[in-house]
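> using only what follows, build the 3D model:
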Amino acid sequence: YQLALLKKHGIPVPKTLVTNSKTELLKFRKEVKEVIYKAVAGGSFCRKMTDHDWTTERLDKLKYAPVIFQDYIDGDNIRVYVLDHKIISCNVIYTDELDYRMHSKPQHIEHISLPEDIKEMCIKAADICGHNFAAIDVKKTTNNKYVVLEATPSPMFIGIDHCTGDNISGQLAEYLIKNG
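Next up, the predicted model:
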């Protein structure tokens, strides 16, 4: 729903299919280059579809629960924290994994400055979703386009705080005390 809402408001998002239909997934596969997937319920890691995933045996298991399938977007992983209509932290996360939360080597996190229109897009994404606090996950493609993957309303931030010193936790605490 969130991605459809963002798309409706002009926010670029990956081509997405949420389904438990093997037939629909096979149609979707013809429309995109590479397919990634993750559980609808959240908390699971994003994975790229492999030859094993396309077997009949594996596809037949899809009927038990819907899954989010998306067009794979190659590019930099950017995480933007928005609090009360302001960006409080913006970083690129370098990793050798598809989902940076799965990194096998220590990840490198670096502050970045986004173009003004992309900053506005991130704030707009949080607003559209009704989030006073959110992490907007963005991909910056090799041709400098920005695509929003999601607006997470309860994002993890302690690791980012530790690596960057952005004090997201302190800023969130101040906001809650002031507006609680």
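> burial count for Gly159?
Using other CB atoms under 10 Å, Gly159 has 12 neighbouring residues. Placement of C-beta: from N, CA and C, glycine included.
> do Thr55 as well
Thr55, neighbours per other CB under 10 Å, totals 10.
> repeat for Glu110
Number of residues near Glu110 (other CB under 10 Å) recorded here: 11.
> and it, backbone torsions?
Reported as degrees, to the nearest 10, the phi and psi values for Glu110 are phi -130, psi 130.
> that one and Tyr94 touch, don't they?
Yes. With contact defined as CB atoms under 8 Å, Glu110 reaches Tyr94; the gap is 7.2 Å.
> now the helix or strand Thr23 falls within - C-alpha only, CSV.
Assigned by DSSP states H and E, Thr23 belongs to helix 22-31. Provided in CSV are the C-alpha atoms of helix 22-31 (Å, rounded to 0.1, in the frame of the first residue of the first chain):
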residue,chain,number,x,y,z
LYS,A,22,2.8,-18.1,-9.2
THR,A,23,1.1,-17.0,-12.5
GLU,A,24,1.3,-13.3,-11.6
LEU,A,25,4.9,-13.6,-10.5
LEU,A,26,5.9,-15.3,-13.8
LYS,A,27,4.2,-12.4,-15.7
PHE,A,28,6.1,-9.9,-13.6
ARG,A,29,9.4,-11.7,-14.3
LYS,A,30,8.9,-10.9,-18.0
GLU,A,31,8.5,-7.2,-17.2
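> what residues does that helix touch?
Contact partners of helix 22-31, identified using CB atoms under 8 Å, 6 or more residues apart in numbering, comprise Lys15, Leu17, Thr19, Val35, Met49, Trp54, Leu59, Asp60, Leu62, Lys63, Phe69, Asp71.
> right, and the helix or strand after the worst-scoring helix or strand of the chain on mean pLDDT?
Ranked by mean pLDDT, DSSP states H and E, the helix or strand of the chain with the weakest confidence is helix 158-164, at a mean of 79. Counting by DSSP H and E, the next helix or strand C-terminal to helix 158-164 is helix 168-179.
> tell me the buried residues in that next one?
Buried residues in helix 168-179, counted by 16 or more other CB atoms under 10 Å: Ile168, Gln171, Leu172, Tyr175.
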